[in-house]
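*Asks:* sequence? don't have it. structure:
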DNA sequence: CCCTTTTTGAAAAATATTTTCAGTAACATC
DNA sequence: GATGTTACTGAAAATATTTTTCAAAAAGGG
């Protein structure tokens, strides 16, 4: 289904600024920042403002028409690192984090990706979210609030 | 090896502000933001400034004493999403991205993590970095610059 | 074509991060 | 232990990013 239809069917209006942003994103071959989307979309709709880009991205993300990707390994929190183990699982309720190994388990997947995409896999980012043992027990009493943010 | 030794052996000075930050991070059970680290570390070294937290995190990250984790699913770039496929591989050189499926391959790993950690796995974030077919060919001529940022 | 409601863009506010710079402190050398 | 070099520090300012506010404009059902 075309993106404009999805918007309309979900009660969102199809406006010129949104159309410009949609076109830019539909043509994207790499993750674009809001600022980059603005620059490209202004060629289609010069009066476009950055705020509208942020708001439209929220909508498109909620409708799962776009996906977000991390650039430049930017991060938001720091943990002590244990040598050799490179992944983390964080409790969605209490935020307690533990590390786990897992690179061996991923090798098979990586080889398959390399065959399917032609890319060479050099590095990876894997992070899990879940419920720690303690929070699983309390869940029946007080369910954790669903993550609203993108 | 103790963190202070690692600092010293790599030519960094062991100072009171750094010691305070080290202690906070070593005791962390969840990913902490620079602001959160500041608040806790000021109890050990009241004159500490936020700038020093950022700078110390850069050092600790370079020495691989800390690991960074993404909080609240924050993101830095947007791509059009294809239904059902939830992972992306991005070329480190030209930044071209392609999606691939892979949830089935991860199930085994997730079950193992659940057994080992007691956590229940609810959600995951997997993103790969690599070289696209075109950039692999050109690599001999012009190697891609290594990612310096955290 | 009109009315209601959503959407828009500008400006301001709130947040987050980096740079600059003069003073301070670590530590190698004496 | 004193001393000199150099790295490190904190405050302030600069820069960057995202959100909020609000009056005006536009969508689209009637």
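*Replies:* Alright, I've got the coordinates. In this text, all values refer to a predicted model and were calculated from it rather than measured experimentally.
*Asks:* state the next helix or strand along the chain beyond the lengthiest helix in chain A.
*Replies:* Longest helix in chain A, counting residues (DSSP state H): helix A:103-117. Moving toward the C-terminus from helix A:103-117, the next helix or strand (DSSP states H and E) is strand A:120-131.
*Asks:* what comes up buried for that next one?
*Replies:* Burial within strand A:120-131, assessed by neighbour count using 16 or more other CB atoms under 10 Å in any protein chain shown, is assigned to A:120-121, A:124-131. Using the backbone N, CA and C atoms, a C-beta is placed for each residue, glycine as well.
*Asks:* before we move on, back to that, check whether the longest helix of chain A contacts chain B.
*Replies:* Yes - shown here: helix A:103-117 in contact with chain B (CB under 8 Å from any CB of the partner chain) through A:105-106, A:108-110, A:112-114, A:116-117.
*Asks:* so is stretch A:77-85 next to DNA strand C?
*Replies:* No - Stretch A:77-85 lies out of reach of DNA strand C by CB under 7 Å from any atom of the strand, never closer than 9.5 Å.
*Asks:* tell me the buried residues in that stretch?
*Replies:* Going by neighbour count (16+ other CB under 10 Å), the buried part of stretch A:77-85 is A:77-81.
*Asks:* tell me which of these fall in strands.
*Replies:* A:77-80 (DSSP state E).
*Asks:* for residue A:16, see how far away residue A:119 is.
*Replies:* The gap separating residue A:119 from residue A:16 is 37 Å, by CB to CB, to the nearest Å.
*Asks:* same drill for the two, tell me which one is more crowded.
*Replies:* residue A:119 (26 against 11; other CB atoms under 10 Å in any protein chain shown).
*Asks:* how about the nearest residue to the more buried one, chain neighbours excluded?
*Replies:* residue B:130 (4.5 Å; CB to CB, 6 or more residues apart in numbering or on different chains).
*Asks:* repeat for residue A:131
*Replies:* Distances taken as CB to CB, 6+ apart put residue B:120 closest to residue A:131, at 4.6 Å, once the chain neighbours are dropped.
*Asks:* spatially central, which residue of chain A would that be?
*Replies:* The centroid of chain A falls nearest to residue A:68 when counting by CA atoms, centre = their mean (3.2 Å).
*Asks:* now do the helix or strand hosting residue A:89, average pLDDT.
*Replies:* Following DSSP H and E, one finds residue A:89 within strand A:87-91. The average pLDDT within strand A:87-91 is 93.
*Asks:* and residue A:122, how far is that from DNA strand D?
*Replies:* Distance, residue A:122 to DNA strand D, by CB to the nearest atom of the strand, to the nearest Å: 24 Å.
*Asks:* do residue A:44 as well
*Replies:* Distance from residue A:44 to DNA strand D, by CB to the nearest atom of the strand: 14 Å.
*Asks:* what does residue A:69 give?
*Replies:* Going from residue A:69 to DNA strand D by CB to the nearest atom of the strand gives 13 Å.
*Asks:* quick one: which of the buried residues of stretch A:77-85 is nearest to residue A:42?
*Replies:* residue A:77 (34.2 Å; CB to CB).
*Asks:* who are the packing partners of whichever strand or helix holds residue A:20?
*Replies:* Using DSSP H and E, residue A:20 falls within helix A:16-26. Where contact means 3 or more CB pairs under 8 Å, 6 or more residues apart in numbering or on different chains; DSSP states H and E, helix A:16-26 is packed against helix A:3-9, helix A:34-41, helix A:50-62, strand B:77-80.
*Asks:* for residue A:86, find the nearest of those.
*Replies:* With CB to CB as the criterion, residue A:86 lies closest to strand B:77-80 of those, at 22.4 Å.
*Asks:* show me what contacts the spatially closest residue to residue A:134 that is not a sequence neighbour?
*Replies:* Once flanking residues are discounted, residue A:134 sits nearest to residue A:94: 7.0 Å by CB to CB, 6+ apart. By CB atoms under 8 Å, 6 or more residues apart in numbering or on different chains, residue A:94 lies in contact with A:132, A:134-135, B:30.
*Asks:* now those residues as a markdown table including secondary structure?
*Replies:* As requested, the contacts of residue A:94 are exported to a markdown table (DSSP: H, G, I helix; E, B strand; the rest coil):
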| residue | secondary structure |
| --- | --- |
| A:132 | coil |
| A:134 | helix |
| A:135 | helix |
| B:30 | coil |
